[in-house]
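# show me how the following folds:
(chains A and B)
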Amino acid sequence: MFQVPTIADLNLGLTLPALSLALGACVLLLLDLFVPRERKEITAWLAMAGIAVSFVLNLAGFNESGTAFLGTFAADQFTGFLNIVILITAFLGVLLSLDYLKRAKIERGEYYVLLLLSAAGMMFMSSANDLIVVFIALELLSIPLYIMATFRAPDLKSEESGMKYFILGAFAGAFFVYGAALVYGATGTTNLPEIFAAVNGIIAAGGSQMFLLLMGTGLILVGLGFKVAVVPFHMWTPDVYEGAPTPVTAFMSVGAKAGGFAGLLRIMVVALPVFVLKDGQTAAAWQQTFWLVAAATLILGNIVAIAQTNVKRMLAYSSIAHAGYIMMAVAAAGTAGVANEATRAALLYLMAYMFTNLGAFGIALAIEKDDGSDTGVDNFIGLAKSKPALAAMMTVFMLSLTGIPLTGGFVGKWFVFKSALDAGLVPLAIIGVLTSVISAFYYVRIIVNMYLKDGEGDPAAGATRYVNWAIYVAFAGTLLMGIFPWIATNLSDTVVLAVEMFVR
Amino acid sequence: MALQEFAPAAALLGLSVLVALLVVMLSRLLGPHRPTSRKQAPYESGMKPIGQAVRRMPVKFYLVAVLFIIFDIEVIFFLPWAVVFRDLGVYGLIIMGVFLFILTVGFIYEWKKGALEWE
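A predicted model of the protein is given here:
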């Protein structure tokens, strides 16, 4: 008979960071009912307090590892590192939203509740140890984002953005569940480490279930690939990023990626390193597919970004391109022995991308007018005269996105390319370097607009106090990661995800 | 292998098709047959089958439907829990408490927001 567990079996202590944030969201929803309409910034401060509590709990438990909720929830350094990224994203997301919502006259307390819920979903994703938990976390992180994307509601673009995201996201969720079902069909379990054990059995038996397993893996890639916006599942990104309110775009461009890649890395590295011998090298059976996806994403994202005239659309294509770089690390994780190094590279890249991208969106938000217009690349003309500090910081963010040394972006790219080379994916690394050069074209164009072109210069009315704070934090993070990379690498070096055990 | 396990299901399927055919045929053969135009309409005593497919409806019904789903699901979860309550013991009680807590948060929210008021 089913053995009834006790509450102690659940190991709730390990889940505290994620759990406290989810609980905080529930409490915030109730507290917000008593916050008067014109003082909604109280809700925002409470939300930040909740994030801070979760952050402290996460740091306190950083080095503890184990499973909770009867093996469906894993807490380890991978979780801890990603939670840091997610919580900083959420914190800066709230800071960016505070004045923006007021300016756009869409200030409602529910916004912050949704943001917390979405962040909780991302955190559950980073520690999901079971396909079902991955799915629930995926929904928990997505559904609030759909609502937040439509937050500018009577605005047609915002409505279109949320609707598009919702329909395509639901579709992608279905793909993921189908893939999970096939993997379950092949292995008889949804628990990631148990799937790994079962896969070994299937290969040893020369199993006929291999086909089911690979189909399932492919469908899971479709589902999560949509969330992180890799080619060919990227079509929604520019429209959604452009239409959604800018702080929401900033939050989801980083958060949804962190969540999606957390799930992808966990499933692929922990559960499905289906190693096969190929060309004298042991590599996962899915590596080729991921290779292709990464290459296509890098090329398409970087080239199409050149043609964009709206900075939010440009950053959307740039986010597709950056998903390609992280995908390169995931593909590298498919080579036996490189998995842990590649995982660390992906995490570092996510952290660098978080600081840089939030900063870049913060400045786009500062230039934006109250009605959401004026987010063109041309609106940056002359910014160096009207707002020299903002222009200088934007320059650093753009250089970091390109991957110039002394910025966080360089450190991220360095480790990703290194892991790709160690994994023997030389052509992919070359594509990565070449597309980085291409990307310089559209990033540097903004710098040229700011410094070299004559113009009035935007007054940057949106650069209010809290927005400035968020940009300063992002700026400091970008430079700190670039100049003292060991602060981040010391943290990421503790991450061990893969069990280095493989079969032919 | 496992195909034999489906034999009862297949038998049931065959039987239900048979019975359905039998009932329709018997009423056709034995019953009196005097058709009128009204009797031959798809719904003899119901809605008109022809008309606009899209009709305006008060959006309040949608809200009621959504709220109904919440409590519907609550009942669906509570019933099996109540059946095995003794086996699950304190553990089940606490888990159900967590479930109820989340639900109550939503309930208080909708109440305070006035979603339960009709006008």
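# need phi/psi at A:Thr6.
phi -110, psi 170 (degrees, to the nearest 10).
# which residues touch the closest residue to it other than its chain neighbours?
The spatial neighbour of A:Thr6 that comes closest, neighbours along the chain excluded (CB to CB, 6 or more residues apart in numbering or on different chains), is B:Tyr91 at 5.9 Å. Quick note: C-beta positions are derived from backbone N, CA and C, even for glycine. Counting by CB atoms under 8 Å, 6 or more residues apart in numbering or on different chains, B:Tyr91 touches A:4-7.
# for B:Tyr91, helix, strand, or coil?
helix (DSSP: H, G, I helix; E, B strand; the rest coil).
# pLDDT weak spots in chain B?
B:1-2, B:44, B:46 (pLDDT under 70).
# how near is A:Ala104 to chain B?
The gap separating A:Ala104 from chain B is 22 Å, by CB to the nearest CB, to the nearest Å.
# correct me, but that residue touches A:Asp370?
Yes - here A:Ala104 lies in contact with A:Asp370, judged by CB atoms under 8 Å, at a distance of 6.3 Å.
# what parts of chain B come near chain A?
Listed as neighbours of chain A in chain B under the rule CB under 8 Å from any CB of the partner chain: B:87-92, B:94, B:101-102, B:105, B:108-109, B:112-113.
# got the contacts of B:Tyr91 as JSON lines, with distance to B:Pro49 and pLDDT columns?
Shown next, in JSON lines, are these (distance: CB to CB, whole Å; pLDDT from 0 to 100):
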{"residue": "A:Val4", "distance to B:Pro49": "54", "pLDDT": "82"}
{"residue": "A:Pro5", "distance to B:Pro49": "55", "pLDDT": "85"}
{"residue": "A:Thr6", "distance to B:Pro49": "59", "pLDDT": "85"}
{"residue": "A:Ile7", "distance to B:Pro49": "57", "pLDDT": "84"}
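# need those in TSV (columns: secondary structure).
Putting the contacts of B:Tyr91 into TSV (three-state DSSP) gives the following:
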residue	secondary structure
A:Val4	coil
A:Pro5	coil
A:Thr6	coil
A:Ile7	helix
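# more neighbours: A:Ala104 and A:Asp370, which one.
Counted by other CB atoms under 10 Å in any protein chain shown, A:Ala104 and A:Asp370 do not tie: A:Ala104 has more neighbours, with 22 against 13.
# mind listing what that one touches?
A:152, A:245, A:370-372.
# distance of it from B:Leu67?
Distance, A:Ala104 to B:Leu67, by CB to CB, to the nearest Å: 29 Å.
# with A:Asp454 instead?
59 Å.
# likewise for A:Gln3?
For A:Gln3 relative to B:Leu67 (CB to CB), the value is 37 Å.
# likewise for A:Ile299?
Taking CB to CB, one finds A:Ile299 at 49 Å from B:Leu67.
# one more: A:Ala283?
52 Å.
# on that earlier part again, which one in the contacts of A:Ala104 is the model shakiest on?
Lowest in pLDDT among those is A:Gly372, which has 81.
# quote the end-to-end distance of stretch B:35-42.
13 Å (CA to CA, to the nearest Å).
# ignore the last one, stretch A:370-386
First residue to last in stretch A:370-386 (CA to CA) measures 19 Å.
# so residue 63, which of the three states?
I went with chain A, as the question did not name one. coil.
# try chain B instead
B:Leu63 is classified as helix under three-state DSSP.
# so which helix or strand of chain A has the lowest pLDDT on average?
When each helix and strand of chain A is scored by mean pLDDT, DSSP states H and E, strand A:275-278 comes last, with a mean of 61.
# any figure for the gap between the residue positioned nearest the centre of chain B and A:Tyr100?
Centroid-nearest residue in chain B: B:Asp72, 10.4 Å away (criterion: CA atoms, centre = their mean). Look at B:Asp72 and A:Tyr100: by CB to CB, they are 38 Å apart.
# then A:Phe410?
30 Å.
# would you turn the contacts of B:Tyr91 into CSV with neighbour count?
CSV is the format used below for the contacts of B:Tyr91 (neighbours: other CB atoms under 10 Å in any protein chain shown):
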residue, neighbour count
A:Val4, 13
A:Pro5, 13
A:Thr6, 11
A:Ile7, 11
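# mind jotting down where the helices sit in the stretch 351-500 of chain A?
For the stretch 351-500 of chain A, the helices defined by DSSP state H, counting those that start in this stretch occupy A:383-386, A:388-402, A:408-422, A:426-451, A:465-483, A:486-492.
# output the contacting helices and strands for the shortest one.
Here helix A:383-386 is seen to pack against helix A:388-402, helix A:426-451 when contacts are counted using 3 or more CB pairs under 8 Å, 6 or more residues apart in numbering or on different chains; DSSP states H and E.
# again, 6 Å this time
helix A:426-451 (3 or more CB pairs under 6 Å, 6 or more residues apart in numbering or on different chains; DSSP states H and E).
# equivalent analysis for the third one, please.
For helix A:408-422, the contact count by 3+ CB pairs under 6 Å, 6+ apart identifies helix A:311-332, helix A:339-367, helix A:388-402, helix A:426-451, helix A:465-483 as packing neighbours.
# hang on, the earlier thing: of A:Gln3 and B:Leu67, which one has the most company?
More neighbours surround B:Leu67 than the other of A:Gln3 and B:Leu67, with 15 against 6 (other CB under 10 Å).
# low-confidence ranges, chain A, go.
If you take pLDDT under 70 as the line, chain A has these spans: A:1-2, A:206-207, A:275-281, A:499-504.
# and it, which residues reach chain B?
Within reach of chain B by CB under 6 Å from any CB of the partner chain, chain A has these residues: A:4, A:6-7, A:26, A:29, A:33.
# can I get those residues in TSV including distance to A:Ala170?
Shown next, in TSV, are the residues of chain A next to chain B (distance: CB to CB, whole Å):
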residue	distance to A:Ala170
A:Val4	35
A:Thr6	37
A:Ile7	34
A:Cys26	24
A:Leu29	24
A:Leu33	29
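# which of those lies closest to A:Leu140?
A:Cys26 (12.6 Å; CB to CB).
# three-state assignment of the residue of chain B positioned farthest from its centre?
Going by CA atoms, centre = their mean, the residue of chain B most distant from its centre is B:Arg34, 35.7 Å out. Per three-state DSSP, the secondary structure class of B:Arg34 is coil.
# roughly how far does it sit from B:Ser45?
17 Å.
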